[in-house]
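Participant: please work out how this folds:
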Amino acid sequence: MIKKESFGKLPCGCEVYSYTLSNDSITSVCILNYGGILKNIWVKDKNGVPADVICGFDSIDGYLTSGGYQGALIGRIGNRIAKGKFTLEGKEYQLFCNDGQNSLHGGKDGFNAKIWDVEECDCSEAPSLVLTYVSADGEENYPGTLRVKVTYTLTGCGALKIHYEATTDKTTIVNMTNHAYYNLAGYESGVVDGQILQLDCDKINSLDNELIPDGKFIDVDGTPYDFRCGKPIGEGFASDYPMMKEFGGYDNNFVFSAYNGQLRPRGSVTDPKSGRKVTLWTDQPCVQIYTANMINPDDPAFKGGVKQYRHCAVCLETQCIPDAVNHPEFTSTVLKPGEKYDTTTVYKFSN
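Facilitator: Numbers count the residues shown, from 1 in each chain. Here you go, the predicted structure:
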C-alpha cells in the first residue's frame, strides 16, 4: 500500500509530497519527492510496538534549513572531493566547494535538494517508489547529462531495498548513497552509544584533518575502529586515537573485507533494549559510518520538537572510497557513455 500526502511547498512554489509504503511486515517507510528523503521508518520492537527510527523533521522547512542531509539521496558524488577538483580525459573540472576548500555531497545543490519525478508501484506485498531525475550537463560543474533512477522497495520481510541506476552521455563520475540517520531505539530516545555495531571490515582509510583520504589504509586491529565482532558504538568515543579526538566520533570510510561486488550482508546495528536490528546488505565496497558528531543543538528541532544533539544517530552510507577520482589506486567512480551505474543496498529490519 502507498499513501500520498502533501508535505508543503518549496520557496519556488514546487509541491512536496510524502509517500508512505506499508505492507504486512514489521516495517513501514515514508519518502519525500524532495531529495528522495527517507522521512520515517517505523519498525516494531520485540513486543510489537512500533517506533520511528529515523531522525528528521515534521515540515519541509526543517530539511531546507538543516545542513545535515537528513535522510537524503546524495549525488552525483557522495562524500568529499579534495579541493573540489578532478581531471577526466585530460580536462580539469572545478566543483563548488561547500565544505571549506572541498566539495561535499554533490556540491551547493546536490541530489538532496532536487524535486524528483515519482512513479508509484503499489504492489501489496512489496510496494515500490521509483524516483527519476535528469542532472544536466554542467550541473554543479559535473560533465555529462546524467539520467538517474532510484527505486525504494519495502519487501515482504520488512527490508528497505534501495536500487541506484544511472547512465551518462559524457564521461563523468558517480558515487551515490543515502544519508539517513538511524537510532533503533527511536529517534527521540537519546544517544546511540549503547547500540551494537558490527562491520565486516578490517581496514579504514587514513584521513587528513579535512576528512580527505590520504591514500593510505589503517588496519583496524587494536583501534577503536574494530567492529568485526560487534561492540557498543560509543565504546571508542573517549579514545585518545588521533582521528577520534579530531572528529569527536566516527566519520570514517570502512572498507569491506574480501570485496567481490556481490550483494551480501556486511554489517548490522542492534538496539539491545528494544530488540530492533538492521542488517546492512550491499554490493558496494565501503560504508561511511557517521555518528552525528557535527550536529548543532541550535539547529531546527527534529520531529515532535526533539532537539538535535551529538551522537543521536548513526549513518550507514554505502559507497566507493571518497575522492576516488583523485586516487587511481581506489575503486573507480568513473562512468562512461554506454555503461550503467547499478548498485543496490538493503536495510533489513528485524526484532
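
Participant: OK, contacts around residue 255?
Facilitator: 201-205, 217, 285-286, 321 (CB atoms under 8 Å, 6 or more residues apart in numbering). Heads up, the C-betas are built off the backbone N, CA and C, glycines and all.

Participant: switch those residues over to CSV; also include neighbour count, pLDDT and distance to residue 79.
Facilitator: What follows is these, written out as CSV (neighbours: other CB atoms under 10 Å; pLDDT from 0 to 100; distance: CB to CB, whole Å):
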residue, neighbour count, pLDDT, distance to residue 79
201, 22, 99, 16
202, 17, 97, 21
203, 18, 98, 17
204, 23, 98, 13
205, 23, 97, 10
217, 15, 97, 16
285, 19, 98, 13
286, 28, 98, 10
321, 22, 98, 9
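
Participant: for the stretch 201-350 of the chain, which segments count as strands?
Facilitator: Per DSSP state E, counting those that start in this stretch, the stretch 201-350 of the chain carries strands over the ranges 201-207, 213-219, 231-232, 251-256, 264-270, 277-282, 286-290, 314-319, 334-335, 341-350.

Participant: partners of the fifth one in the sheet?
Facilitator: The reference is to strand 264-270. Using DSSP bridges, strand 264-270 pairs in its sheet with strand 196-199 (antiparallel), strand 277-282 (antiparallel).

Participant: may I see those strands arranged in CSV, with distance to residue 264, mean neighbour count and mean pLDDT as well?
Facilitator: Shown next, in CSV, are those (distance: least, CB to CB, whole Å; neighbours: other CB atoms under 10 Å; pLDDT from 0 to 100):
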stretch, distance to residue 264, mean neighbour count, mean pLDDT
strand 196-199, 13, 21, 99
strand 277-282, 6, 21, 99
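
Participant: let me have those in a markdown table, extended by distance to residue 30.
Facilitator: Below are the strands paired with strand 264-270 laid out as a markdown table (distance: least, CB to CB, whole Å):
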| stretch | distance to residue 30 |
| --- | --- |
| strand 196-199 | 25 |
| strand 277-282 | 17 |
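
Participant: and the pLDDT for residue 300?
Facilitator: pLDDT, residue 300: 88.

Participant: before we move on, which element is the residue lying closest to it once chain neighbours are set aside in?
Facilitator: Distance criterion CB to CB, 6 or more residues apart in numbering; nearest residue to residue 300, sequence neighbours excluded, is residue 62 at 4.4 Å. In the assignment (DSSP states H and E), residue 62 maps to helix 60-65.

Participant: check which residues of that helix are buried.
Facilitator: Going by neighbour count (16 or more other CB atoms under 10 Å), the buried part of helix 60-65 is 60, 62-64.

Participant: what do you get for stretch 81-98?
Facilitator: Counting neighbours by 16+ other CB under 10 Å, stretch 81-98 gives 81-86, 88, 93, 95, 97-98 as buried.

Participant: stretch 298-318 too?
Facilitator: So stretch 298-318, judged by 16+ other CB under 10 Å, has buried residues 299-300, 302-303, 306, 308, 310-318.

Participant: before we move on, what about stretch 167-176?
Facilitator: Quick answer for stretch 167-176 (16+ other CB under 10 Å): 167-168, 170, 172-176.

Participant: same check, this time on stretch 174-185
Facilitator: So for stretch 174-185, counting by 16+ other CB under 10 Å, buried means 174-185.

Participant: residue 148 and residue 200: what is the separation?
Facilitator: In this structure, residue 148 and residue 200 are 28 Å apart, going by CB to CB, to the nearest Å.

Participant: which of those two has more residues huddled nearby?
Facilitator: Set side by side, residue 148 and residue 200 show more neighbours around residue 148, with 24 against 18, by other CB atoms under 10 Å.

Participant: partner residues bridging that one?
Facilitator: On the basis of DSSP bridges, residue 148 is bridged to residue 133, residue 166.

Participant: so what touches stretch 80-88?
Facilitator: Residues outside stretch 80-88 that contact it (CB under 8 Å, 6+ apart) are 92-97, 99, 101-104, 107, 143, 171-173, 210-212, 322-323, 325-326, 334.

Participant: what's the helix or strand for residue 4?
Facilitator: With DSSP H and E as the test, residue 4 turns up in strand 2-9.

Participant: mean confidence score for that strand?
Facilitator: Rounded mean pLDDT across strand 2-9 is 98.

Participant: swap in stretch 248-262?
Facilitator: Per-residue scores along stretch 248-262 average to 97.

Participant: same thing with stretch 61-78?
Facilitator: Averaging pLDDT along stretch 61-78 yields 96.
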